[in-house]
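Colleague: Fold the following, please.
(chains A and B)
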Amino acid sequence: MKIVLNGESFATDAKTLDELCARLGFAEAKIATALNGNFVAATSRNATPLTDADEIEIVAPRQGG
Amino acid sequence: MLTLYGKEFSSRLLLGTAQYPSPESLKQAVVTSGAEIVTISLRRESARSRTGQGFWALIEELGCRVLPNTAGCRTAKEAIATAHMARELFGTGWVKLEVIANDDTLQPDLFGLVEAAAALSAEGFEVLPYTTEDLSAAERLVAAGCTVLMPWAAPIGSARGLVNKDALKTLRAYFPDITLVIDAGLGTPSHAAEAMEMGYDAVLLNTAVAKAGDPAKMAAAFARAVEAGRLAFEAGPIEPRDMASPSTPVAGTPFFKIDHAS
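Modeller: A predicted model of the protein is given here:
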């Protein structure tokens, strides 16, 4: 399946958002997620299935003004 | 003391964390500024570089309270989703709410800002909106639940200082009980002092410190200017007048003759 991960096309067979994060090495990382423009809480990621063309955002703290 | 949503702070200077020449430079500037609150953002995290993880370790070292922003959001929906991500990530309901209307001026989209502020306040967020000096927008933001407003002095990063002083004075006079923070557009410590003399409660700045030749020294300069401006406001500045008024007593002036008086 092809999804859009942080604005770029990405092939994955991860079934859930939680699985995707784990495969990317983010299992213990300080990240937050959104699916198709809507926030997905960390506790909801394993109950969030991925489907083709989903748009995923995975963000972390960064410098800001 | 500066009060923001029930929390008290002794420093009235809030500092951004972007654009410093190095992480060490950022740390030094935060220390010399005396800031107790720093702003941060959320950005896409790469599985390879994991940039955000290292940055977060640096922020934790500083021991400051964090104020996450929604910089770069162009719609209320984007800002709301970003605020939710920030609340989970940083464990704070505070959000420096930015909904940007224009790439050249980075001016707030006041319509989207009010919409997002109302939605987030209803969900329990404590919203610190980056707004303009517009009074009607300010009224809408207060009606939406904001007890802090953060009007710009000038466009972000422009270093122009208080461009619309009359409107900023009006805003201060109109909202005596709202915490007002000047956010964006300051270039030099004198700009910060001027805002504080007008009765603004605090200033938030980033570029003026981060891009200075010596960020730590400039941060110290801003800290003193903010403190001086606040002291001056509390002391009650005199009103300007058109004509001179002698400070030395006139009575008893040597050689005084009535003909010389004018």
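
Colleague: Tell me which helix or strand residue B:128 sits in.
Modeller: Using DSSP states H and E, residue B:128 falls within strand B:126-131.

Colleague: Can you give me every residue that contacts residue B:26?
Modeller: A:63, B:17, B:20, B:58, B:210, B:215 (Cβ atoms under 8 Å, 6 or more residues apart in numbering or on different chains). For the C-beta atoms, the positions are set from N, CA and C on the backbone; glycine is no exception.

Colleague: Give me the buried subset of the residues you listed.
Modeller: A:63, B:17, B:20, B:58, B:210, B:215 (16 or more other Cβ atoms under 10 Å in any protein chain shown).

Colleague: Narrow those residues to those in helices?
Modeller: Among those, DSSP state H puts B:58, B:210, B:215 in helices.

Colleague: correct me, but the last one touches residue B:208?
Modeller: No. Using Cβ atoms under 8 Å, residue B:215 and residue B:208 do not qualify as a contacting pair, with a distance of 9.5 Å.

Colleague: Which single residue in chain A comes nearest to chain B?
Modeller: Nearest residue of chain A to chain B (Cβ to the nearest Cβ) works out as residue A:60 at 2.5 Å.

Colleague: tell me the secondary structure for residue B:14?
Modeller: Judged by DSSP: H, G, I helix; E, B strand; the rest coil, the three-state class of residue B:14 is strand.

Colleague: can you give me the strands in the chain?
Modeller: The chain I'm using is chain A. Counting by DSSP state E, chain A has these strands, from start to end: A:2-5, A:8-11, A:32-35, A:38-40, A:55-63.

Colleague: think we crossed wires, I meant chain B
Modeller: B:2-4, B:7-9, B:13-16, B:37-44, B:65-68, B:94-97, B:126-131, B:148-151, B:179-183, B:202-205.

Colleague: Mind checking the pLDDT average for the strand holding residue B:128?
Modeller: Strand B:126-131 comes out with an average pLDDT of 98.

Colleague: Report the angle between that strand and strand B:179-183.
Modeller: 50 degrees (axes from the mean of the first three to the mean of the last three Cα atoms, to 10 degrees).

Colleague: quick one, what contacts residue 34?
Modeller: Reading this off chain A. With contacts defined as Cβ under 8 Å, 6+ apart, residue A:34 is in contact with A:40, A:56-57, A:59, B:81, B:85.

Colleague: Sorry, I should have been clearer: chain B.
Modeller: By Cβ under 8 Å, 6+ apart, the contact set of residue B:34 is B:11, B:13, B:223.

Colleague: Kindly confirm whether my reading is correct that residue B:110 touches residue B:137.
Modeller: Yes. Contact criterion Cβ under 8 Å: residue B:110 and residue B:137 qualify, at 4.2 Å.

Colleague: for stretch B:52-60, which positions count as buried?
Modeller: Quick answer for stretch B:52-60 (16+ other Cβ under 10 Å): B:52-53, B:55-56, B:58-59.

Colleague: Turn those residues into a markdown table, including pLDDT and distance to chain A.
Modeller: Listed next are those as a markdown table, based on pLDDT from 0 to 100; distance: Cβ to the nearest Cβ, whole Å:
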| residue | pLDDT | distance to chain A |
| --- | --- | --- |
| B:52 | 94 | 3 |
| B:53 | 94 | 6 |
| B:55 | 95 | 6 |
| B:56 | 96 | 4 |
| B:58 | 95 | 9 |
| B:59 | 96 | 6 |
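
Colleague: can you list the residues of chain A near chain B?
Modeller: A:6-7, A:24-26, A:29-34, A:37-39, A:41-42, A:57-65 (Cβ under 8 Å from any Cβ of the partner chain).
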